[in-house]
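S.K.: A predicted structure for the sequence below; I have some questions about it.
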Amino acid sequence: MNTVDLPPLKATLHTQLPVANQLGEGVIWHHSTRTLWWTDIEACKLYSYSLDREFLQEWSVPERIGSFGFTSKPDLLVVAFASGFALYNYSNGDIQWLAHPEQQRPANRLNDGRVDRQGRFWAGGMVEHREREQNSQGAGLYCLVGDCRVQQHLDGIRISNGLCWSPEADILYHADSPRRVITAYAFNATEGSLGAPRLFATTPEGIHPDGATIDSAGQLWSAQWGGSRVVCYDRQGQIRGVLTVPVSQVSCVAFAGPQLNLLCITSARTGLSEEQLLVEPDAGDLFIYEVDAHGLPETGFVLA
């Protein structure tokens, strides 16, 4: 089914930030400081934007950041750098390395991740060097807890994306982008373990599920790379509606704002030709839409 055949979502463009990211990703909202955070993976940049002051900040980081989460300490993030997990102070640049779960897989790096509702940080890997992919064992999905223990839960992933949990924390959603599949796993929140998987949704050829988030009604909002769209699925995996975005490489989504009704969408310029960039001059920008839905607050990583 084409996007034009799908029901459009009610949405109004609130703000467009002309940041022209190479690979904008990992967007999350810090509710107490009312700031929006994301990373440009390929440019090794970290961004913060204050909605109240309309003030944008950026930091250069020592290594590409695939994803990150907040902690209870000011200026301290839990981070999935390309090469491993760390606690990172973006103000002074201090890094405390915690684990390098993919170090025996030189074709891989860490990618999408999120803190679960119990304060554990999850991140998955991706096979970055495609010429090695045929001989690769794939990448894993890992869970980091505050005492620096890391447990692997999945393997054989090509590009790990779309990590999010149902409001009740009894389902973990996960996408393997090249396979164009979103899977729902039964989730034991107490143990932090995965149960039986079920197919939640698939995407058409040439459209890949990327970053995702859950709203307060349990609907999944999926940024879809190559599709110029964000798709909202109900709990059964049926499409409720589609938000069309004026760029093709839509990468990640998050709810923001005092009412958590602003849908923030990152995008990318990487891989687009000069001709494509002429057609998509806004590629790499961050878009904020007011939508008829409300998100859930992000949980902070629980330090030991």
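M.R.: Structure received.

S.K.: Which stretches in the stretch 151-300 of the chain count as helices?
M.R.: Per DSSP state H, counting those that start in this stretch, the stretch 151-300 of the chain carries helices over the ranges 274-279.

S.K.: quick one: low-confidence parts of the protein?
M.R.: 1-4, 130-136 (pLDDT under 70).

S.K.: Could I get the buried residue list for stretch 294-304?
M.R.: Of the residues in stretch 294-304, those scored as buried under the neighbour-count criterion (16 or more other Cβ atoms under 10 Å) are Gly295, Leu296, Glu298, Thr299, Gly300, Phe301, Val302. All C-beta spots, glycine's among them, are computed from the backbone N, C-alpha and C.

S.K.: name the helices or strands packed onto the helix or strand harbouring Gly140?
M.R.: Remark: Gly140 resides in strand 139-144, with elements defined by DSSP states H and E. Applying 3 or more Cβ pairs under 8 Å, 6 or more residues apart in numbering; DSSP states H and E, one finds that strand 139-144 contacts strand 95-99, strand 121-127, strand 150-157.

S.K.: Parallel or antiparallel, list what pairs with it.
M.R.: The sheet places strand 139-144 alongside strand 121-127 (antiparallel), strand 150-157 (antiparallel), with pairing taken from DSSP bridges.

S.K.: Return the most buried member of the ones you listed.
M.R.: strand 121-127 (a mean of 27; mean count of other Cβ atoms under 10 Å).

S.K.: quick one: contacts of it?
M.R.: Judged by Cβ atoms under 8 Å, 6 or more residues apart in numbering, the contacts made with strand 121-127 from elsewhere in the structure are 66-67, 69, 78, 80, 85, 101-102, 105, 107-116, 133, 136, 138-145, 154, 157-161, 163, 174, 301.

S.K.: Narrow those residues to those in strands?
M.R.: Assignment to strands by DSSP state E places the following of the contacts of strand 121-127 there: 66-67, 69, 78, 80, 85, 108-115, 139-144, 154, 157, 160-161, 163, 174.

S.K.: Number of residues surrounding the closest residue to Thr183 other than its chain neighbours?
M.R.: Leaving out its chain neighbours, the residue that sits closest to Thr183 by Cβ to Cβ, 6 or more residues apart in numbering is Pro197, at 5.0 Å. Neighbour count for Pro197, taken as other Cβ atoms under 10 Å: 13.

S.K.: Next: the one 5 residues further on.
M.R.: The number of residues packed around Thr202, counting by other Cβ under 10 Å, is 12.

S.K.: That one: what's it in contact with?
M.R.: Contacts for Thr202 were tallied using Cβ under 8 Å, 6+ apart; they are Arg180, Val181, Ile182.

S.K.: Tell me the spacing between the last one and Arg120.
M.R.: To tie it back to what came earlier, the one meant is Ile182. Relative to Arg120, Ile182 is positioned 21 Å away (criterion: Cβ to Cβ, to the nearest Å).

S.K.: between the two, who's got more neighbours?
M.R.: Regarding Ile182 and Arg120, a neighbour count based on other Cβ under 10 Å identifies Ile182 as having more, with 24 against 21.

S.K.: Can you verify my assumption that that one contacts His174?
M.R.: Yes. Using Cβ atoms under 8 Å, Ile182 is in contact with His174, at 7.3 Å.

S.K.: Now do the shared contacts for the two.
M.R.: Taking Cβ under 8 Å, 6+ apart as the criterion, Ile182 and His174 both touch Gly162.

S.K.: Please report phi then psi for Asp292.
M.R.: When read as degrees, to the nearest 10, the backbone of Asp292 gives phi -90, psi 60.

S.K.: ok, it touching Lys10?
M.R.: Yes. With contact defined as Cβ under 8 Å, Asp292 reaches Lys10; the gap is 4.9 Å.

S.K.: For Leu6, which residues are in contact?
M.R.: Listed by Cβ under 8 Å, 6+ apart, the contact set of Leu6 reads Val231, Ile239, Gly241, Val242.

S.K.: Mind giving me the ChimeraX select for the residues you listed, buried ones only?
M.R.: Entered in ChimeraX, the line below selects the buried ones among the contacts of Leu6, by 16+ other Cβ under 10 Å:
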select :231,241,242
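
S.K.: May I have the beta-bridge partners of Leu36?
M.R.: As assigned using DSSP bridges, the partners bridged with Leu36 are Trp29, Tyr49.

S.K.: how many other residues sit next to it?
M.R.: 24.

S.K.: Show me the contacts of Thr202 that map onto strands.
M.R.: Here DSSP E is the test, and the contacts of Thr202 give Val181, Ile182 as lying in strands.

S.K.: re earlier: of all the helices and strands packed on strand 139-144, which one comes closest to Trp221?
M.R.: Proximity to Trp221, assessed across the helices and strands packed on strand 139-144 by Cβ to Cβ, is greatest for strand 121-127 (18.2 Å).

S.K.: With that, I have no additional questions.
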